[in-house]
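Chemist: requesting a structural model of the entry that follows:
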Amino acid sequence: MVPPIIHEIEARSAINAVRGMPFKWSLNPYKGCVHGCGYCYARAYHGFLGLPVSTFDSQIFAKTNIAAVLEVELHKPSWAFEPIAIGTATDPYQRFEGQYRLTRACLETLARVDNPGSVTTKGTLVTRDVDVLADLASRTEFAVNVSLITLDREIARTIEPGAPAPMSRLRAIERLGAAGIPVSLFLAPVLPGITDAPEQIEAVVRAAAEHGARDVWAGTLRLAPDVREHFFQIVARHFPQLRQGYQRFYSGATYAPTAYQLRVEGLVGAQRRAAGLGTTPTHGESSRQRRGQLALPI
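Modeler: Numbers count the residues shown, from 1 in each chain. Model prediction:
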């Protein structure tokens, strides 16, 4: 794995308008992500920078002024204090956050005006900010979503080589929940033939419930053209028996077949009910809106 290089840049805006998602506004303190998840749709965004999708985990951009820009935007007369989803195109708690503290600065800025929102992350560094997250959750609608696709450490290491181990993420859920912060688990994306066996899904949902998650939401793998080729290379290298199946499943398609999506949705729904998990989605997203990779755009 190529050692990551971080570039310090200045953001022209902090809050981004989002279409076709369960939320209207997003915020991303970084571009790129050292977690290196092979399936990540956000890899395609490096193409907008003129970089190959393979550099998404090695060329990281830190928006050093993002909290100051956010402060200005939150005080514009036009801002209606709607929920902001943090971490939709990068992980806000990748390890460089320990150095730059940009996510924390944005959370503190949101807390000063009680702006609602959510954070989606694989990073266990989120527990560092229990204080400000608990403060936000006590005064407005604010939640944390922890992404976890499998309990199998070897699969996780293969697909998400730079992300914390599954048990570390479960312990983060437990700590956040104990602090009174609403926390859910995103079982997304579900990978055909790799993480979609009923017993695998049951194990993740059960573990989420046992560690204090309020709910589990799932979505199947989606592969945009550039990301598709990148992920196919990973499948060919590590899961060669699935290579032809993936090529058929995603031949010219971004999404898995509808029948498969419905089957996964049914499996997860049954396990959620069995575990007694909640039924109120974060920010009111519907079942249809949740279909596909969650935390879209990370």
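
Chemist: when you work out contacts or count neighbours from here on, use the C-alpha atoms and nothing else.
Modeler: Fine.

Chemist: and the strands in the stretch 151-298 of the chain?
Modeler: 183-190, 215-220 (DSSP state E, counting those that start in this stretch).

Chemist: in its sheet, which strands sit next to the last one, and in what direction?
Modeler: I take that to be strand 215-220. Neighbouring strands of strand 215-220 in its sheet, by DSSP bridges, are strand 183-190 (parallel).

Chemist: what mean pLDDT does the partner strand get?
Modeler: Mean pLDDT, strand 183-190: 97.

Chemist: likewise for stretch 92-107?
Modeler: Mean predicted lDDT for stretch 92-107 stands at 98.

Chemist: go through it and flag the buried ones.
Modeler: 92-97, 102-107 (16 or more other C-alpha atoms under 10 Å).

Chemist: those in helices, which ones?
Modeler: 97, 102-107 (DSSP state H).

Chemist: how about these in CSV, adding distance to G245?
Modeler: Shown next, in CSV, are these (distance: C-alpha to C-alpha, whole Å):
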residue, distance to G245
E97, 38
L102, 41
T103, 39
R104, 42
A105, 45
C106, 43
L107, 43
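
Chemist: shouldn't A143 be within a strand?
Modeler: Yes: the assignment for A143 (DSSP: H, G, I helix; E, B strand; the rest coil) places it in a strand.

Chemist: tell me how many other residues crowd it.
Modeler: 23 (other C-alpha atoms under 10 Å).

Chemist: quick one: residues contacting it.
Modeler: 117-119, 137, 181-184, 282 (C-alpha atoms under 8 Å, 6 or more residues apart in numbering).

Chemist: buried sites along stretch 136-155?
Modeler: 136-137, 141-151.

Chemist: ok so, going back, so which of the contacts of A143 comes closest to Q271?
Modeler: Nearest to Q271 among the contacts of A143 is S184, at 14.5 Å by C-alpha to C-alpha.

Chemist: what's across from that closest one in the sheet?
Modeler: Counting by DSSP bridges, S184 is bridged to N145, D215.

Chemist: which ones are touching it?
Modeler: 143-146, 173, 208, 213-217.

Chemist: low-confidence ranges in the stretch 51-200 of the chain?
Modeler: Across the stretch 51-200 of the chain, not a single residue meets the criterion (pLDDT under 70).

Chemist: per-residue pLDDT, T279?
Modeler: Model confidence at T279 (pLDDT) stands at 50.

Chemist: quick one: the helices in the stretch 51-200 of the chain?
Modeler: For the stretch 51-200 of the chain, helices defined by DSSP state H, counting those that start in this stretch occupy the ranges 66-74, 97-100, 102-112, 130-139, 153-159, 166-178, 198-210.

Chemist: need those in CSV (columns: distance to S54).
Modeler: Shown next, in CSV, are the helices of the stretch 51-200 of the chain (distance: least, C-alpha to C-alpha, whole Å):
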stretch, distance to S54
helix 66-74, 26
helix 97-100, 22
helix 102-112, 25
helix 130-139, 33
helix 153-159, 14
helix 166-178, 24
helix 198-210, 29
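
Chemist: which among the ones you listed is found nearest to P83?
Modeler: Per C-alpha to C-alpha, nearest to P83 of those: helix 102-112, 10.2 Å.

Chemist: residues contacting that closest one, please?
Modeler: 29, 63-64, 66-67, 70-71, 92-93, 97, 116, 129, 132-133, 135-136.

Chemist: and for stretch 65-74?
Modeler: 10-15, 29, 79, 81, 102, 105-106, 109, 113.

Chemist: with those in mind, which one is nearest to I234?
Modeler: Using C-alpha to C-alpha, the contacts of stretch 65-74 come closest to I234 at P29, 27.8 Å.

Chemist: now do the closest residue to L221 other than its chain neighbours against A143, distance only.
Modeler: Excluding the flanking residues, the one nearest L221 by C-alpha to C-alpha, 6 or more residues apart in numbering is P189, at 4.7 Å. As judged by C-alpha to C-alpha, to the nearest Å, P189 and A143 stand 20 Å apart.
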